[in-house]
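Peer 1: Fold the following, please.
(one chain, ligands or ions: 4)
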Amino acid sequence: AKQNGHNHFQFYVASIDQEIRERKQLEKDLSNALANHEFHLVYQPQINLETKRIIGAEALLRWEHPERGMIPPDHFIPVAESNGAIVEIGQWVLDQACWQAARWASEGSPLRIAVNLSAVQLRQESIVDDILNTLKRHNIPAGRLELEVTETSFMTNLSDAVAKLHRLHRAGISIAVDDFGTGYSSLTYLKQMPVQHLKIDKQFIRDLLVNEEDTRIANTIIDLGKSLNLTVVAEGVETAEQEYYLSQRGCKLAQGYFFSKPLPPKEFETFVHTFHAR
Ligand code: C2E
Ligand code: CA
Ligand code: CA
Ligand code: CA
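Peer 2: Ligands and ions are numbered 1, 2, ... in the order given. The predicted structure is shown next:
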(Lines give C-alpha, C1' and ligand atoms only; values in the text may rest on other atoms or scores of the structure.)
(Ligands and ions follow the chains in the order given, each with its own letter.)
Protein backbone atom coordinates (compact mmCIF):
# COMPACT_ATOMS: atom_id res chain seq x y z
CA ALA A 1 0.00 0.00 0.00
CA LYS A 2 2.87 2.28 0.89
CA GLN A 3 4.55 1.59 -2.42
CA ASN A 4 1.31 2.36 -4.16
CA GLY A 5 0.88 5.60 -2.31
CA HIS A 6 4.40 6.61 -3.21
CA ASN A 7 3.76 5.99 -6.88
CA HIS A 8 0.56 7.96 -6.67
CA PHE A 9 2.41 10.83 -5.13
CA GLN A 10 5.02 10.82 -7.89
CA PHE A 11 2.35 10.67 -10.54
CA TYR A 12 0.56 13.57 -8.91
CA VAL A 13 3.69 15.71 -8.79
CA ALA A 14 4.56 14.83 -12.36
CA SER A 15 1.12 15.81 -13.64
CA ILE A 16 1.12 19.14 -11.79
CA ASP A 17 4.58 19.79 -13.11
CA GLN A 18 3.37 19.06 -16.61
CA GLU A 19 0.36 21.31 -16.15
CA ILE A 20 2.62 24.16 -15.10
CA ARG A 21 4.86 23.59 -18.10
CA GLU A 22 1.90 23.50 -20.48
CA ARG A 23 0.53 26.68 -19.01
CA LYS A 24 3.92 28.41 -19.33
CA GLN A 25 4.13 27.27 -22.95
CA LEU A 26 0.61 28.55 -23.63
CA GLU A 27 1.52 31.93 -22.14
CA LYS A 28 4.66 32.08 -24.26
CA ASP A 29 2.78 31.18 -27.45
CA LEU A 30 0.09 33.68 -26.56
CA SER A 31 2.65 36.46 -26.20
CA ASN A 32 3.77 35.86 -29.81
CA ALA A 33 0.34 35.26 -31.29
CA LEU A 34 -0.49 38.89 -32.08
CA ALA A 35 2.83 39.59 -33.80
CA ASN A 36 2.53 36.32 -35.73
CA HIS A 37 -0.97 37.20 -36.97
CA GLU A 38 -2.48 34.07 -35.48
CA PHE A 39 -5.70 35.77 -34.39
CA HIS A 40 -8.76 36.48 -36.45
CA LEU A 41 -12.36 37.43 -35.76
CA VAL A 42 -15.55 35.67 -36.70
CA TYR A 43 -18.95 37.34 -36.66
CA GLN A 44 -22.24 35.92 -35.45
CA PRO A 45 -25.42 37.64 -36.67
CA GLN A 46 -27.89 39.06 -34.16
CA ILE A 47 -31.48 38.88 -35.36
CA ASN A 48 -34.45 41.05 -34.46
CA LEU A 49 -37.16 38.44 -33.79
CA GLU A 50 -39.99 40.86 -34.65
CA THR A 51 -38.71 42.11 -37.98
CA LYS A 52 -36.53 39.09 -38.85
CA ARG A 53 -33.76 41.48 -39.81
CA ILE A 54 -30.10 41.16 -38.95
CA ILE A 55 -29.32 44.15 -36.80
CA GLY A 56 -25.69 43.45 -36.04
CA ALA A 57 -23.00 40.97 -35.22
CA GLU A 58 -21.00 39.82 -32.25
CA ALA A 59 -17.27 39.67 -32.94
CA LEU A 60 -15.65 36.54 -31.51
CA LEU A 61 -11.94 35.90 -31.28
CA ARG A 62 -10.24 32.88 -32.85
CA TRP A 63 -6.66 31.72 -32.30
CA GLU A 64 -5.13 29.52 -34.96
CA HIS A 65 -2.10 28.06 -33.20
CA PRO A 66 0.67 27.07 -35.70
CA GLU A 67 1.05 23.57 -34.21
CA ARG A 68 -2.01 22.93 -32.12
CA GLY A 69 -4.62 24.28 -34.50
CA MET A 70 -7.67 26.18 -33.26
CA ILE A 71 -7.57 26.90 -29.55
CA PRO A 72 -10.99 27.85 -28.18
CA PRO A 73 -11.29 31.27 -26.49
CA ASP A 74 -12.62 29.66 -23.30
CA HIS A 75 -9.20 28.02 -23.07
CA PHE A 76 -6.86 30.95 -23.68
CA ILE A 77 -8.81 34.04 -22.63
CA PRO A 78 -8.68 33.18 -18.91
CA VAL A 79 -4.88 32.80 -19.30
CA ALA A 80 -4.64 36.12 -21.13
CA GLU A 81 -6.73 37.73 -18.40
CA SER A 82 -4.59 36.42 -15.59
CA ASN A 83 -1.28 37.57 -17.11
CA GLY A 84 -2.62 40.82 -18.54
CA ALA A 85 -2.13 39.91 -22.21
CA ILE A 86 -5.87 40.46 -22.73
CA VAL A 87 -5.30 44.23 -22.64
CA GLU A 88 -3.30 44.21 -25.87
CA ILE A 89 -5.31 41.40 -27.44
CA GLY A 90 -8.59 43.12 -26.54
CA GLN A 91 -7.40 46.36 -28.12
CA TRP A 92 -6.55 44.41 -31.29
CA VAL A 93 -10.05 42.88 -31.28
CA LEU A 94 -11.67 46.29 -30.93
CA ASP A 95 -9.51 47.75 -33.68
CA GLN A 96 -10.17 44.86 -36.04
CA ALA A 97 -13.93 44.87 -35.35
CA CYS A 98 -14.15 48.63 -35.96
CA TRP A 99 -12.14 48.29 -39.17
CA GLN A 100 -14.60 45.61 -40.33
CA ALA A 101 -17.61 47.71 -39.32
CA ALA A 102 -16.23 50.64 -41.32
CA ARG A 103 -15.81 48.41 -44.38
CA TRP A 104 -19.33 47.09 -44.12
CA ALA A 105 -20.68 50.60 -43.71
CA SER A 106 -18.80 51.76 -46.81
CA GLU A 107 -20.34 48.82 -48.71
CA GLY A 108 -23.83 49.89 -47.68
CA SER A 109 -24.31 47.62 -44.62
CA PRO A 110 -24.02 49.74 -41.51
CA LEU A 111 -24.28 46.97 -38.92
CA ARG A 112 -23.82 47.29 -35.20
CA ILE A 113 -20.81 45.41 -33.88
CA ALA A 114 -20.77 43.88 -30.42
CA VAL A 115 -17.35 43.37 -28.87
CA ASN A 116 -16.59 41.46 -25.67
CA LEU A 117 -14.80 43.62 -23.11
CA SER A 118 -12.90 41.76 -20.39
CA ALA A 119 -13.12 42.89 -16.77
CA VAL A 120 -9.34 43.31 -16.92
CA GLN A 121 -9.68 45.75 -19.83
CA LEU A 122 -12.38 47.72 -18.03
CA ARG A 123 -10.02 48.14 -15.09
CA GLN A 124 -7.44 49.91 -17.28
CA GLU A 125 -7.16 53.60 -16.54
CA SER A 126 -7.11 54.57 -20.22
CA ILE A 127 -9.81 52.20 -21.45
CA VAL A 128 -12.49 54.83 -22.16
CA ASP A 129 -10.10 57.00 -24.16
CA ASP A 130 -8.70 53.95 -25.94
CA ILE A 131 -12.19 52.91 -27.07
CA LEU A 132 -13.26 56.41 -28.12
CA ASN A 133 -10.00 56.91 -30.02
CA THR A 134 -10.46 53.63 -31.83
CA LEU A 135 -13.93 54.68 -32.98
CA LYS A 136 -12.54 57.99 -34.18
CA ARG A 137 -9.67 56.37 -36.02
CA HIS A 138 -12.10 54.23 -38.01
CA ASN A 139 -14.72 56.93 -38.31
CA ILE A 140 -17.37 54.75 -36.67
CA PRO A 141 -20.33 56.46 -34.99
CA ALA A 142 -20.40 55.41 -31.32
CA GLY A 143 -23.98 54.17 -31.73
CA ARG A 144 -22.67 51.40 -33.92
CA LEU A 145 -20.58 49.85 -31.15
CA GLU A 146 -21.87 47.68 -28.37
CA LEU A 147 -19.68 46.47 -25.54
CA GLU A 148 -20.48 43.19 -23.83
CA VAL A 149 -19.42 43.06 -20.21
CA THR A 150 -20.04 40.34 -17.66
CA GLU A 151 -21.32 40.74 -14.15
CA THR A 152 -17.85 40.02 -12.73
CA SER A 153 -16.63 43.27 -14.34
CA PHE A 154 -18.59 45.19 -11.74
CA MET A 155 -17.39 43.26 -8.73
CA THR A 156 -13.86 44.45 -8.02
CA ASN A 157 -14.52 48.18 -8.11
CA LEU A 158 -18.16 49.02 -8.67
CA SER A 159 -17.90 52.82 -8.64
CA ASP A 160 -14.96 52.78 -11.06
CA ALA A 161 -16.83 50.48 -13.46
CA VAL A 162 -19.99 52.61 -13.17
CA ALA A 163 -18.07 55.81 -13.93
CA LYS A 164 -16.35 54.33 -16.98
CA LEU A 165 -19.50 52.77 -18.41
CA HIS A 166 -21.32 56.07 -17.94
CA ARG A 167 -18.64 57.86 -19.95
CA LEU A 168 -18.88 55.26 -22.71
CA HIS A 169 -22.66 55.42 -22.68
CA ARG A 170 -22.70 59.22 -22.77
CA ALA A 171 -20.49 59.01 -25.85
CA GLY A 172 -23.23 56.90 -27.50
CA ILE A 173 -21.90 53.36 -27.06
CA SER A 174 -24.39 50.76 -25.87
CA ILE A 175 -23.60 48.33 -23.09
CA ALA A 176 -24.83 44.76 -22.80
CA VAL A 177 -24.59 42.53 -19.75
CA ASP A 178 -23.26 39.23 -21.08
CA ASP A 179 -24.03 35.81 -19.57
CA PHE A 180 -26.81 37.42 -17.56
CA GLY A 181 -28.09 35.25 -14.76
CA THR A 182 -24.84 33.44 -14.09
CA GLY A 183 -23.19 36.08 -11.85
CA TYR A 184 -24.04 37.82 -8.59
CA SER A 185 -26.14 40.69 -7.27
CA SER A 186 -27.69 41.38 -10.62
CA LEU A 187 -30.43 43.67 -9.37
CA THR A 188 -28.23 45.93 -7.26
CA TYR A 189 -25.92 46.98 -10.05
CA LEU A 190 -28.55 46.97 -12.78
CA LYS A 191 -30.02 50.02 -11.06
CA GLN A 192 -26.69 51.86 -11.14
CA MET A 193 -25.35 50.67 -14.44
CA PRO A 194 -25.96 52.43 -17.73
CA VAL A 195 -26.82 49.16 -19.47
CA GLN A 196 -29.28 48.80 -22.35
CA HIS A 197 -29.12 45.11 -23.15
CA LEU A 198 -29.32 41.88 -21.19
CA LYS A 199 -27.99 38.74 -22.81
CA ILE A 200 -29.63 35.60 -21.46
CA ASP A 201 -26.82 33.10 -21.02
CA LYS A 202 -26.95 30.18 -23.41
CA GLN A 203 -27.03 27.69 -20.55
CA PHE A 204 -30.65 28.76 -19.91
CA ILE A 205 -31.56 28.56 -23.60
CA ARG A 206 -30.16 25.10 -24.26
CA ASP A 207 -32.94 23.24 -22.41
CA LEU A 208 -35.43 26.09 -22.59
CA LEU A 209 -38.39 23.93 -23.56
CA VAL A 210 -37.23 20.81 -21.75
CA ASN A 211 -36.31 22.07 -18.31
CA GLU A 212 -39.05 23.99 -16.52
CA GLU A 213 -36.56 25.84 -14.35
CA ASP A 214 -34.74 27.18 -17.41
CA THR A 215 -38.05 28.29 -18.90
CA ARG A 216 -38.84 30.19 -15.72
CA ILE A 217 -35.38 31.80 -15.57
CA ALA A 218 -35.63 32.91 -19.21
CA ASN A 219 -39.15 34.27 -18.58
CA THR A 220 -37.93 36.16 -15.52
CA ILE A 221 -35.08 37.79 -17.43
CA ILE A 222 -37.41 38.77 -20.29
CA ASP A 223 -39.88 40.31 -17.79
CA LEU A 224 -37.07 42.06 -15.93
CA GLY A 225 -35.90 43.53 -19.22
CA LYS A 226 -39.40 44.78 -19.97
CA SER A 227 -39.87 46.40 -16.58
CA LEU A 228 -36.43 48.06 -16.63
CA ASN A 229 -36.77 48.98 -20.29
CA LEU A 230 -33.79 46.91 -21.40
CA THR A 231 -33.55 44.98 -24.64
CA VAL A 232 -33.19 41.27 -24.03
CA VAL A 233 -30.97 39.17 -26.28
CA ALA A 234 -31.08 35.36 -26.20
CA GLU A 235 -27.82 33.65 -27.07
CA GLY A 236 -27.34 30.03 -28.03
CA VAL A 237 -30.65 29.70 -29.90
CA GLU A 238 -30.36 26.39 -31.74
CA THR A 239 -33.89 25.34 -32.69
CA ALA A 240 -37.01 26.72 -34.36
CA GLU A 241 -38.96 25.88 -31.20
CA GLN A 242 -36.66 28.00 -29.06
CA GLU A 243 -36.86 30.88 -31.53
CA TYR A 244 -40.66 30.66 -31.64
CA TYR A 245 -41.01 30.53 -27.87
CA LEU A 246 -38.66 33.46 -27.30
CA SER A 247 -40.26 35.66 -29.92
CA GLN A 248 -43.78 34.89 -28.58
CA ARG A 249 -42.59 35.61 -25.06
CA GLY A 250 -41.33 39.05 -26.12
CA CYS A 251 -37.58 38.54 -26.31
CA LYS A 252 -36.47 41.02 -28.93
CA LEU A 253 -33.10 39.82 -30.21
CA ALA A 254 -31.48 36.45 -30.67
CA GLN A 255 -28.32 34.81 -31.91
CA GLY A 256 -27.33 31.18 -32.20
CA TYR A 257 -26.61 28.27 -34.49
CA PHE A 258 -30.28 28.18 -35.53
CA PHE A 259 -29.56 31.31 -37.55
CA SER A 260 -25.84 30.96 -38.07
CA LYS A 261 -22.63 30.00 -36.36
CA PRO A 262 -19.99 32.74 -36.11
CA LEU A 263 -18.60 33.33 -39.63
CA PRO A 264 -15.51 34.85 -41.25
CA PRO A 265 -16.27 38.28 -42.81
CA LYS A 266 -16.86 37.18 -46.42
CA GLU A 267 -19.20 34.36 -45.41
CA PHE A 268 -20.96 36.69 -43.02
CA GLU A 269 -21.66 39.11 -45.88
CA THR A 270 -23.10 36.31 -48.01
CA PHE A 271 -25.21 35.18 -45.09
CA VAL A 272 -26.67 38.66 -44.58
CA HIS A 273 -27.61 38.94 -48.23
CA THR A 274 -29.27 35.54 -48.50
CA PHE A 275 -31.02 35.93 -45.13
CA HIS A 276 -32.58 39.22 -46.16
CA ALA A 277 -33.44 37.95 -49.65
CA ARG A 278 -35.56 35.09 -48.28
P1 C2E B 1 -19.70 34.57 -25.06
O2 C2E B 1 -19.35 36.00 -25.17
O3 C2E B 1 -20.81 34.20 -24.14
O4 C2E B 1 -19.99 34.10 -26.54
C5 C2E B 1 -20.97 33.17 -26.90
C6 C2E B 1 -20.35 31.84 -27.21
O7 C2E B 1 -21.39 30.94 -27.62
C8 C2E B 1 -19.38 31.85 -28.39
O9 C2E B 1 -18.38 30.88 -28.09
C10 C2E B 1 -20.24 31.39 -29.55
O11 C2E B 1 -19.49 30.83 -30.62
C12 C2E B 1 -21.08 30.36 -28.86
N13 C2E B 1 -22.36 30.12 -29.54
C14 C2E B 1 -23.02 30.92 -30.39
N15 C2E B 1 -24.19 30.37 -30.78
C16 C2E B 1 -24.28 29.18 -30.14
C17 C2E B 1 -25.27 28.15 -30.13
O18 C2E B 1 -26.32 28.21 -30.77
N19 C2E B 1 -25.02 27.07 -29.35
C20 C2E B 1 -23.87 26.95 -28.60
N21 C2E B 1 -23.71 25.87 -27.86
N22 C2E B 1 -22.91 27.93 -28.59
C23 C2E B 1 -23.12 29.02 -29.35
P24 C2E B 1 -16.85 31.17 -28.40
O25 C2E B 1 -16.71 31.93 -29.68
O26 C2E B 1 -16.14 29.86 -28.26
O27 C2E B 1 -16.43 32.14 -27.23
C28 C2E B 1 -16.43 31.69 -25.90
C29 C2E B 1 -16.23 32.85 -24.96
O30 C2E B 1 -14.94 33.41 -25.10
C31 C2E B 1 -17.19 34.00 -25.18
O32 C2E B 1 -18.43 33.70 -24.60
C33 C2E B 1 -16.46 35.12 -24.50
O34 C2E B 1 -16.67 35.07 -23.11
C35 C2E B 1 -15.03 34.78 -24.80
N36 C2E B 1 -14.57 35.59 -25.95
C37 C2E B 1 -14.65 35.34 -27.27
N38 C2E B 1 -14.08 36.35 -27.98
C39 C2E B 1 -13.65 37.26 -27.08
C40 C2E B 1 -12.97 38.53 -27.17
O41 C2E B 1 -12.69 39.06 -28.25
N42 C2E B 1 -12.67 39.16 -25.99
C43 C2E B 1 -13.00 38.63 -24.77
N44 C2E B 1 -12.68 39.31 -23.67
N45 C2E B 1 -13.64 37.46 -24.65
C46 C2E B 1 -13.96 36.78 -25.80
CA1 CA C 1 -20.43 37.82 -25.58
CA1 CA D 1 -22.65 35.19 -23.48
CA1 CA E 1 -19.78 33.08 -21.95
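
Peer 1: contacts, neighbours, all on C-alpha from now
Peer 2: Noted.

Peer 1: how about Leu263, phi and psi?
Peer 2: Dihedral angles of Leu263 (phi, psi; degrees, to the nearest 10) stand at phi -130, psi 150.

Peer 1: Report the beta-bridge partners for it.
Peer 2: For Leu263, the residues forming beta bridges with it (DSSP bridges) are Tyr43.

Peer 1: What is the burial count for it?
Peer 2: 19 (other C-alpha atoms under 10 Å).

Peer 1: do Glu50 as well
Peer 2: Glu50: 12 neighbours (other C-alpha under 10 Å).

Peer 1: Once you drop chain neighbours, what's closest to Phe268?
Peer 2: Once flanking residues are discounted, Phe268 sits nearest to Tyr43: 6.7 Å by C-alpha to C-alpha, 6 or more residues apart in numbering.

Peer 1: List the residues that contact the one you found.
Peer 2: Ala57, Glu58, Ala59, Leu60, Pro262, Leu263, Pro264, Pro265, Phe268 (C-alpha atoms under 8 Å, 6 or more residues apart in numbering).

Peer 1: if we go to 6 Å?
Peer 2: Counting by C-alpha atoms under 6 Å, 6 or more residues apart in numbering, Tyr43 touches Ala57, Glu58, Ala59, Pro262, Leu263.

Peer 1: for the third one, phi and psi?
Peer 2: Just to be clear, that refers to Ala59. Per degrees, to the nearest 10, the backbone of Ala59 is at phi -90, psi 130.

Peer 1: any idea how far Asp74 is from it?
Peer 2: Applying C-alpha to C-alpha, to the nearest Å, the value for Ala59 to Asp74 is 15 Å.

Peer 1: Compare neighbour counts for those two and give me the winner.
Peer 2: Counting neighbours by other C-alpha under 10 Å for Ala59 and for Asp74 shows that Ala59 has the greater number, 25 against 8.

Peer 1: For the closest residue to the more buried one other than its chain neighbours, give its distance to Glu22.
Peer 2: Of all residues not flanking Ala59 in the chain, Tyr43 sits nearest, at 4.7 Å (C-alpha to C-alpha, 6+ apart). Distance check for Tyr43 against Glu22: by C-alpha to C-alpha, it reads 30 Å.

Peer 1: before we move on, what about Val210?
Peer 2: 39 Å.

Peer 1: now Ala176, nearest residue through space, not along the chain?
Peer 2: His197 (4.3 Å).

Peer 1: Pairing partners for that neighbour in the sheet, please.
Peer 2: Ala176, Thr231.

Peer 1: Val232 versus that one, what's the distance?
Peer 2: With distances taken as C-alpha to C-alpha, His197 is found 6 Å from Val232.

Peer 1: between these two, which one's more packed in?
Peer 2: Using other C-alpha under 10 Å, the more surrounded residue of His197 and Val232 is Val232, with 26 against 22.

Peer 1: can you tell me which residues contact that one?
Peer 2: Contacts of Val232 (C-alpha under 6 Å, 6+ apart): His197, Leu198, Lys199, Gly225, Cys251, Lys252.

Peer 1: List the contacts of the residue nearest the centre of the chain.
Peer 2: The chain has Asn116 as the residue nearest its centroid, 4.0 Å off, counting by C-alpha atoms, centre = their mean. Asn116 sits next to Leu147, Glu148 when contact means C-alpha under 6 Å, 6+ apart.

Peer 1: and it, what are its phi and psi?
Peer 2: According to degrees, to the nearest 10, Asn116 has phi -80, psi 130.

Peer 1: Quick check: bridge partners of it?
Peer 2: Beta-bridge partners, per DSSP bridges, of Asn116: Glu148.

Peer 1: can you map out the strands along the stretch 1-150 of the chain?
Peer 2: Under the criterion DSSP state E, counting those that start in this stretch, the stretch 1-150 of the chain carries strands at the ranges 39-48, 53-65, 69-71, 112-116, 145-150.

Peer 1: Redo the ones you listed as CSV? Include mean pLDDT and distance to ligand 1.
Peer 2: Listed next are those as CSV, based on pLDDT from 0 to 100; distance: least, C-alpha to the nearest ligand atom, whole Å:
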stretch, mean pLDDT, distance to ligand 1
strand 39-48, 98, 7
strand 53-65, 97, 4
strand 69-71, 96, 9
strand 112-116, 98, 5
strand 145-150, 96, 7
